[in-house]
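**Student:** sequence first, predicted coordinates after that:
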Amino acid sequence: MAVPGIGDERGAHMTAIGIVAVLGAMAAVLAWLHRANARDREALSARLGLAAVPRTPATRGVHPVMGPCFETPLLRGTLDGLDATVLQRTVKRRGLRNPNASAAFVVLRLRVPATTPALRVEPRRTGVMLASLGDEGAPEVATGDAAFDAAFLATAPDARAARAFLDDAVRARLLGLREALAPGLPDSAIGRFAGDLRVGTLELVDGWLDYAAPGTVTPGLVEHLAVAAPVATALARRAGTTLPDGVAG
């Protein structure tokens, strides 16, 4: 029977040192990521003028389109006189083989000062892909504006109310936001898809306007929300005032 010798002890010692070194490196990386994330949140707080929210457990819910999700508030305050919250949303990716697959969004949520029509406006190509992964949602609403309908997929249970909101001024604002977030891309399938990935989704529901930008809080996303916030606040103020006659507002 073999008897452990000095070489075996030395090998075990070196293995232990290696494990400690790896754990130390992992701890250093995690600490760096935590500091970087804190800096990015502070930058977003400063750009939007919203206060940081003390860390709280995530709230579990089911998004009507995206499916099961978790939401954690990051910032709160007011934007242009409207109650505002920024939250991190993580959703399960329905229809994918990996049951642990998920997607992250940073959501700017604004209280709308009136009852609003239910409406979702998202980049067209990513919206069509999402619809193919889940159940059939609300029907598409075509506005008749060729440029807008090519860039965005609008869905709503009440097409009349949705079109009343998506008037010339609102469509121009959303197209302008897309151009600001995804400038200079070629007018090709790849260019249009790349542009879709840079633009968030607008949702009106239950007296709230959500603007959901894909990703987590990074320097790039700070700039994204800084550009999108004025558009979102303007649309939130407009949302309760554009319903057609005969539709409750």
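**Tutor:** Alright, I've got the coordinates.

**Student:** what bits of this structure have low per-residue confidence?
**Tutor:** 1-36, 93-100, 127-137, 240-249 (pLDDT under 70).

**Student:** kindly recompute the last result at 90.
**Tutor:** Low-confidence segments of the chain (pLDDT under 90): 1-38, 54-59, 61-68, 91-103, 113-118, 124-139, 183-197, 205-207, 238-249.

**Student:** quick one: the strands in it, in order.
**Tutor:** 51-52, 59-63, 67-79, 82-92, 102-111, 119-123, 152-155, 201-205, 208-214 (DSSP state E).

**Student:** what pairs with the longest one, parallel or antiparallel?
**Tutor:** Translated: strand 67-79. Applying DSSP bridges, strand 67-79 is found paired with strand 51-52 (antiparallel), strand 59-63 (antiparallel), strand 82-92 (antiparallel).

**Student:** tell me who's in contact with Pro68.
**Tutor:** By Cβ atoms under 8 Å, 6 or more residues apart in numbering, the residues touching Pro68 are 60-62, 91-92. Where you see a C-beta, it was placed from the backbone N, CA and C, and this is true even at glycine.

**Student:** beta partners for it?
**Tutor:** Here Pro68 sits in beta bridges with Val62, going by DSSP bridges.

**Student:** how close does it sit to Arg160?
**Tutor:** 32 Å (Cβ to Cβ, to the nearest Å).

**Student:** Ala84 too?
**Tutor:** Distance from Ala84 to Arg160, by Cβ to Cβ: 29 Å.

**Student:** filter the contacts of Pro68 down to the buried ones.
**Tutor:** Taking 16 or more other Cβ atoms under 10 Å as the criterion, what is buried in these is 91-92.

**Student:** could you give the number of residues near the closest residue to Ala232 other than its chain neighbours?
**Tutor:** Excluding its sequence neighbours, the residue lying closest to Ala232 (Cβ to Cβ, 6 or more residues apart in numbering) is Tyr211, at 4.4 Å. Close neighbours of Tyr211, defined as other Cβ atoms under 10 Å, add up to 26.

**Student:** what bridges to Tyr211?
**Tutor:** Counting by DSSP bridges, Tyr211 forms beta bridges with Leu108, Leu202.

**Student:** tell me how far it lies from Val199.
**Tutor:** Distance from Tyr211 to Val199, by Cβ to Cβ: 10 Å.

**Student:** ranges for the helices of this protein?
**Tutor:** For the chain, the helices defined by DSSP state H occupy 6-48, 124-133, 146-151, 159-165, 168-181, 189-197, 219-239.

**Student:** residues in contact with Ala180?
**Tutor:** Val227 are the contacts of Ala180 under Cβ under 8 Å, 6+ apart.

**Student:** can you check His63 too?
**Tutor:** So His63 contacts 69, 89, 91 (Cβ under 8 Å, 6+ apart).

**Student:** spatially nearest residue to the second one, not counting backbone neighbours?
**Tutor:** It stands for Arg89. Here the residue nearest Arg89, using Cβ to Cβ, 6+ apart, is Phe105, at 4.5 Å.

**Student:** neighbours of Asp83, how many?
**Tutor:** By other Cβ under 10 Å, 15 other residues sit near Asp83.

**Student:** kindly report the same for the one 4 residues further on.
**Tutor:** Around Leu87 there are 21 other residues, counting by other Cβ under 10 Å.

**Student:** again with Thr56
**Tutor:** 9.

**Student:** one more: Leu197?
**Tutor:** 12.

**Student:** and for Leu177?
**Tutor:** 20.

**Student:** residues touching it, list them.
**Tutor:** 199, 227-228, 231.

**Student:** how near is it to Arg171?
**Tutor:** 11 Å.

**Student:** then Leu74?
**Tutor:** Counting by Cβ to Cβ, the gap from Leu74 to Arg171 is 30 Å.
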